[in-house]
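Participant: below is the sequence, then the predicted model.
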Amino acid sequence: MFPITFQKARAERFLRCIEKGEPIGKVQTVDEMLSLAGAYFFALLSHGPLLRRTAAELAGERLPKDQPREHSEADEEMVFSDLHAAIEFVGHLTMLVHDKQYDARFEPVIRCLVNQDKQIRPIDGFKSIS
């Protein structure tokens with residue numbers, strides 16, 4: 001379990017900054033980091049259709065324009081789960097940068113697809129797959 005202290009005012013400030021593209025300012029405590037991560041997680045979820053379309057394009061696929069409601073709900077669940085995996089993978093990449101282990105495996109910019117099963121499909125920038 002992860003301890004949480006949520007402050008509505010902090011969330012409102014972060015959302016305002018994200019929406020307006022303004023600097024967030026200092027984020028120093030675990031609670032502030034978690035609140036900011038939550039605000040960005042919400043912002044990413046609100047871009048679900050765009051994320052699905054981008055993922056399909058990277059995979060060389062096209063999404064149908066009209067689909068039944070149950071397919072839309074399944075897509076929303078998939079975006080939610082895939083987003084968790086993507087955040088975890090980006091966290092791992094950030095750790096590799098911090099530990100000076102990134103450059104041995106990746107170019108400065110990488111592109112890939114990550115799914116809820118934590119499968120990674122490299123597109124560009126991978127020096128080795130491991």
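Facilitator: Nice, thanks for sending it over. Numbering: from 1, shown residues only.
Participant: and S35, helix, strand or coil?
Facilitator: helix (DSSP: H, G, I helix; E, B strand; the rest coil).
Participant: my guess is it meets A11, correct?
Facilitator: Yes. The pair S35 / A11 is scored as a contact, 5.8 Å apart, by Cβ atoms under 8 Å. C-betas here are computed from N, CA, C, even on glycine.
Participant: where are the low-confidence patches of the chain?
Facilitator: 65-75, 129-130 (pLDDT under 70).
Participant: which residue, other than its chain neighbours, is closest to A43?
Facilitator: Spatial nearest neighbour of A43, chain neighbours left out: I18 (5.3 Å); criterion: Cβ to Cβ, 6 or more residues apart in numbering.
Participant: wasn't the one you found part of a strand?
Facilitator: No. Remark: I18 does not belong to a strand; assigned using three-state DSSP, it is helix.
Participant: hey, where'd the strands end up in the chain?
Facilitator: Taking DSSP state E to define them, one finds strands in the chain at 106-114, 120-126.
Participant: mind putting those strands into CSV with mean neighbour count?
Facilitator: Listed next are these as CSV, based on neighbours: other Cβ atoms under 10 Å:
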stretch, mean neighbour count
strand 106-114, 14
strand 120-126, 13
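Participant: will you turn the ones you listed into CSV that also has distance to L96?
Facilitator: Formatted as CSV, the strands of the chain follow (distance: least, Cβ to Cβ, whole Å):
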stretch, distance to L96
strand 106-114, 8
strand 120-126, 12
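Participant: so for the protein, the centremost residue is which one?
Facilitator: By Cα atoms, centre = their mean, the chain has its centre lying nearest to I87, at 4.3 Å.
Participant: show me the contacts for that one.
Facilitator: A37, F41 (Cβ atoms under 8 Å, 6 or more residues apart in numbering).
Participant: tell me the spacing between the residue nearest to A43 and D99.
Facilitator: For I18, the distance to D99 (Cβ to Cβ, to the nearest Å) stands at 29 Å.
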